[in-house]
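> sharing a model prediction with you, sequence too.
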Amino acid sequence: MPHDIIGGHIGHNHDPDHLHSHLKPENEAADLQVLCQQFIDGFRTARDKAAYLRIAGVPLERADPDGGPSLKLVDVALRTDWQVGTASPSFGSRELSYLPFPGEMIAERTNMDFVYVSSDRKLRTDLRDFLSRETGHGEPA
């Protein structure tokens with residue numbers, strides 16, 4: 001789609017029915033997290049889990065990226081993690097700077113993996129990767 005630069009701002013030269021957003025990366029990550037949580041909540045409550053996956057466009061079979069036999073979806077795995085602190089590089093040291101969280105900041109994070117198998121391999125696809133490809137939200141969180 002062609003873009004026009006108007007007063008230092010990139011504008012779009014296209015019809016008004018073309019909709020997309022220009023979110024900052026941190027907003028995209030937050031938006032993706034909301035989509036993931038809603039997807040997981042819907043999956044948990046769906047009476048027909050297979051129908052939910054089909055409606056969402058999750059492939060039940062996919063090509064092997066290395067050209068081997070096709071992979072079949074056999075498991076949907078939910079995992080809950082609790083972030084109890086953060087660690088980051090320290091200036092001038094190989095030791096990490098560690099900050100444990102106070103109780104009220106400890107947060108639950110649930111993630112989902114789609115597990116595909118073939119006679120040659122097992123492949124896990126993270127829900128964030130799937131949704132970021134499907135929605136065009138860039139890199140996963």
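That came through fine. Numbers count the residues shown, from 1 in each chain.

> ok, longest strand in this structure?
Counting by DSSP state E, the longest strand found in the chain is strand 71-83.

> show me where this structure has its strands.
Under DSSP E, the chain gives strands at 3-6, 9-12, 61-62, 71-83, 85-89, 96-100, 107-117, 122-126.

> mean neighbour count and distance to L53 for these - can I get that in CSV?
Where C-beta positions appear, they are placed from N, C-alpha and C, glycine not excepted. As requested, the strands of the chain are exported to CSV (neighbours: other Cβ atoms under 10 Å; distance: least, Cβ to Cβ, whole Å):
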stretch, mean neighbour count, distance to L53
strand 3-6, 9, 37
strand 9-12, 10, 34
strand 61-62, 13, 12
strand 71-83, 13, 7
strand 85-89, 10, 34
strand 96-100, 10, 38
strand 107-117, 16, 8
strand 122-126, 14, 12
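
> just to revisit the earlier point, pull up the pairing partners for the longest strand of the chain, direction included.
According to DSSP bridges, strand 71-83 has the following sheet partners: strand 61-62 (antiparallel), strand 107-117 (antiparallel).
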